[in-house]
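**Q** I need the structure of the sequence given here:
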Amino acid sequence: MHRDATVTIVHSKTANKEQVVSAADIVVAAVGRAHMVKKEWIKPGAIVIDVGINSVDAPNTKRGYKLVGDVDYEGAKEVAGKITPVPGGVGPMTIAMLLRNTMNSCKRS
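**A** Down below sits the predicted model:
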């Protein structure tokens, strides 16, 4: 924001979401739908941060399901400059910050 960034919010009902997302240099996906953001939506070289976590059927796996993000990772990784995987992307950072905030709260009390 301090460098004149324009922040745009797109949700699942936005009429031209593909067009809006394809213009973004940074995409943070947190829509709650497995593989909603497609490869074609991603601007070449864009940074993609997939915050979503969804379970989809995977009968050939031990658990019968697998975890995937809101971004179609296999397609998007071909065009994105950098992309976070699901699982294992932002989850560990979320846990680390939660623990840090818990410790800070404990020290203050």
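
**Q** residues near residue 18, how many?
**A** 13 (other Cβ atoms under 10 Å). The way it works is simple: take the backbone N, C-alpha and C, and place the C-beta from them, glycine included.

**Q** helix or strand right after the helix or strand where it lies?
**A** Assigned by DSSP states H and E, residue 18 falls within helix 17-22. Tracing the chain past helix 17-22, the next element assigned as helix or strand by DSSP H and E is strand 26-29.

**Q** Could you list every helix and strand in contact with that next one?
**A** Here strand 26-29 touches strand 47-50, going by 3 or more Cβ pairs under 8 Å, 6 or more residues apart in numbering; DSSP states H and E.

**Q** For the strand it packs on, C-alpha coordinates in PDB please.
**A** These are the backbone C-alpha positions of strand 47-50, laid out as PDB (Å, rounded to 0.1, in the frame of the first residue of the first chain):
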ATOM      1  CA  ILE A  47       3.000 -14.700  -7.100                       C
ATOM      2  CA  VAL A  48       0.200 -17.000  -6.000                       C
ATOM      3  CA  ILE A  49      -0.500 -17.600  -2.300                       C
ATOM      4  CA  ASP A  50      -3.100 -20.300  -1.800                       C
END
